[in-house]
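**Student:** Coordinates for the following, if possible.
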Amino acid sequence: MDQNKSGGDNFFNSRLGMILSVLGIAVGTGNIWRFPRIAAQNGGEEGAGAFLIAWISCLFLFSIPLIIAEYGIGRNGRKGVIGSFIKLVGEKFAWMGSFIGFVATAIMFYYSVVAGWCLYYLIESLTSALPENMQHAETIWYSFQGSALPSVFHALMMGLGGIIVVKGISSIERINKILIPSLLLVVVISLVRAVMLPGSMQGIEYLFTPDWSTLTQPSVWLEALTQNAWDTGAAWGLILTYAAYMRTKDDITISAFQTGIGNNIVSLLAAATIFSTVFGTLGATMTNAEVLEIMKTSGPASTGLTFMWMPQLFNEMPGGQFFAILFFLGLTFAAFSSLISMIELASRVFVDMGVSRKKAAVGVCLAGFAFGMPSAISTDILANQDFVWGVGLLVSGAFMSFAIIKYGPEKFRSEIVNNEERTYTLGKWWDIIIKYVVPVEVISLLIWWMYLSASAYAPDTWYNPLSLYSVATVLVQWGIAMGLFIFYNRKLADKTKG
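**Tutor:** All right, here's what the predicted structure looks like:
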């Protein structure tokens, strides 16, 4: 195949364009909306620092090794997630690539809803006064959630994403060169202003103070691993999809470290901003425990944390309206850039099967709107889907690891990653992590979580698939998807090859 062509699309025009596009995958609402609430939920009495240690450990022992694998699989295959999987390990494992792609697509269904929230709050900050207190902020949040507007904005974000994807990778690259620098600037400005609030240092202190006892809880490690996969994009198949357009001379290992570390820095900045806001706003009248309780209960699974507290941060500032507009503009950009990559992943799978890019993107967006509607209507359903498919990223990671093990980690590293044009040579440490550490992490955490869910966390509902956070709801949804892909494995392989 021509090195400058792939499925009718040019390669990324520059390494900067590729890195910014991949950061567009990684840096999104997972950093600004999801990470602060997960940190709050997994903090102990003394602080959330121990969770951060577990989270950073998972970056180097799970996410970055898998990001390296994704870059390599995608650049080697020059197709979407199913086609690249087939090229690496053979046709009979097409179902594994399909499952990885479906996990990211299932996340897309409700992620578009969250992206719609971001756009709504951007418009709200442009047209309305900022909330003066928690009661006012809650009224805005629950009034919005109780209306048809989440569905309308969900449709709008899916449609806008489809328009970009129809035009191909050059369009995706151009828009990410605008979106991602804008977002980073906004995050830094917001943090600087947040830490100037009286009492904000209490929030920073809590965020970075470790409560070592929390590291004995399996749920903390499970959340640390799934959050790291969630906000870096590791094992989603998204980086794999973009890597199909990666130039041969771009270094995989350096790109993977830039992606993972850059993403986690943004997560920490966002969490520092949110914790500073909440403690700076409430710390003078409440204890740490009371403040944290509010952070944990801002909407189902504290989904309203960013949307309730950030407007109050800006209300405390001189010129706050301007900063509110800037922040929600950046947040909308972050959500949109990640959503584009999810639409591209699913669309590329159909392009590989012979469907035109336009028809593929339109079909994916229509399906995304339809399957995302339950989450648009109910935040409980959204929280369930976030739980089921967030943990599903563990399985995706296991499948990625399996593909590398079957191909041969040393062979993969020497032939695919360490090519002649590399600037950094990936060492044998990667073989050990991908062959032993990642599978052990996935298997042990899943077994540990399922055992404790059945025996301690939810002994009365673990077997009920209709319970929002049960073992059964996870296994049933995974099982349906996996069963269908195994059943249609031959057809998926033949269509992708043909």
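**Student:** From now on I want contacts and neighbour counts done on CA atoms only, so please keep to that.
**Tutor:** OK.
**Student:** For this structure, which segments are assigned as strands?
**Tutor:** 5-6, 9-10 (DSSP state E).
**Student:** weakest of these by average pLDDT?
**Tutor:** Of all the strands of the chain, the minimum mean pLDDT falls on strand 5-6 (a mean of 40).
**Student:** just for the stretch 201-350 of the chain, where's the confidence low?
**Tutor:** Scanning the stretch 201-350 of the chain for pLDDT under 70 picks out the ranges 297-305, 317.
**Student:** Which stretches in it count as helices?
**Tutor:** Counting by DSSP state H, counting those that start in this stretch, the stretch 201-350 of the chain has helices at residues 218-232, 238-243, 252-282, 288-296, 305-315, 320-352.
**Student:** so how far is the first one from its chain's centroid?
**Tutor:** What that stands for is helix 218-232. 11 Å (Cα atoms, centre = their mean, to the nearest Å).
**Student:** In CSV, could you pull the C-alpha coordinates for that helix?
**Tutor:** Extracted in CSV, the C-alpha atoms of helix 218-232 (Å, rounded to 0.1, in the frame of the first residue of the first chain):
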residue,chain,number,x,y,z
PRO,A,218,-9.9,-3.6,45.7
SER,A,219,-12.4,-1.1,44.5
VAL,A,220,-9.8,1.7,44.7
TRP,A,221,-7.4,-0.3,42.4
LEU,A,222,-10.3,-1.2,40.1
GLU,A,223,-11.3,2.4,39.8
ALA,A,224,-7.7,3.6,39.4
LEU,A,225,-7.1,1.1,36.5
THR,A,226,-10.4,1.7,34.7
GLN,A,227,-10.1,5.5,35.2
ASN,A,228,-6.6,5.5,33.7
ALA,A,229,-7.8,3.4,30.8
TRP,A,230,-10.9,5.8,30.5
ASP,A,231,-9.0,9.0,30.4
THR,A,232,-5.9,8.0,28.5
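**Student:** what angle sits between it and helix 252-282?
**Tutor:** Per axes from the mean of the first three to the mean of the last three Cα atoms, to 10 degrees, the angle that helix 218-232 makes with helix 252-282 is 110 degrees.
**Student:** what's the answer for the fifth one, then?
**Tutor:** Regarding helix 305-315 and helix 252-282, their directions subtend 60 degrees when assessed with the same axes, to 10 degrees.
**Student:** again with the longest one
**Tutor:** Taking the same axes, to 10 degrees, one finds that helix 320-352 is oriented at 150 degrees with respect to helix 252-282.
**Student:** so how far is helix 320-352 from its chain's centroid?
**Tutor:** From the chain centre to the centre of helix 320-352 is a distance of 11 Å (Cα atoms, centre = their mean).
**Student:** Counting neighbours, which bits of that helix end up buried?
**Tutor:** Going by neighbour count (16 or more other Cα atoms under 10 Å), the buried part of helix 320-352 is 320-321, 323-352.
**Student:** Now that we have the helices of the stretch 201-350 of the chain, can you turn them into TSV and tack on distance to residue 102?
**Tutor:** What follows is the helices of the stretch 201-350 of the chain, written out as TSV (distance: least, Cα to Cα, whole Å):
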stretch	distance to residue 102
helix 218-232	15
helix 238-243	11
helix 252-282	22
helix 288-296	30
helix 305-315	28
helix 320-352	8
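**Student:** Using CSV, write down the CA coordinates of stretch 374-393.
**Tutor:** Taking only C-alpha atoms (Å, rounded to 0.1, in the frame of the first residue of the first chain), the coordinates of stretch 374-393 have been written out as CSV:
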residue,chain,number,x,y,z
PRO,A,374,-31.8,6.0,27.2
SER,A,375,-28.8,7.8,28.8
ALA,A,376,-30.1,11.2,27.6
ILE,A,377,-33.4,10.5,29.3
SER,A,378,-32.0,8.9,32.5
THR,A,379,-28.8,9.7,34.4
ASP,A,380,-29.2,6.4,36.2
ILE,A,381,-29.0,4.6,32.9
LEU,A,382,-26.0,6.7,32.0
ALA,A,383,-24.3,5.8,35.3
ASN,A,384,-25.0,2.1,34.6
GLN,A,385,-23.5,2.3,31.1
ASP,A,386,-20.5,4.3,32.4
PHE,A,387,-19.9,1.5,35.0
VAL,A,388,-20.5,-1.5,32.6
TRP,A,389,-18.3,-0.3,29.8
GLY,A,390,-15.7,1.5,31.9
VAL,A,391,-15.0,-1.9,33.5
GLY,A,392,-15.3,-3.4,30.0
LEU,A,393,-12.0,-1.6,29.1
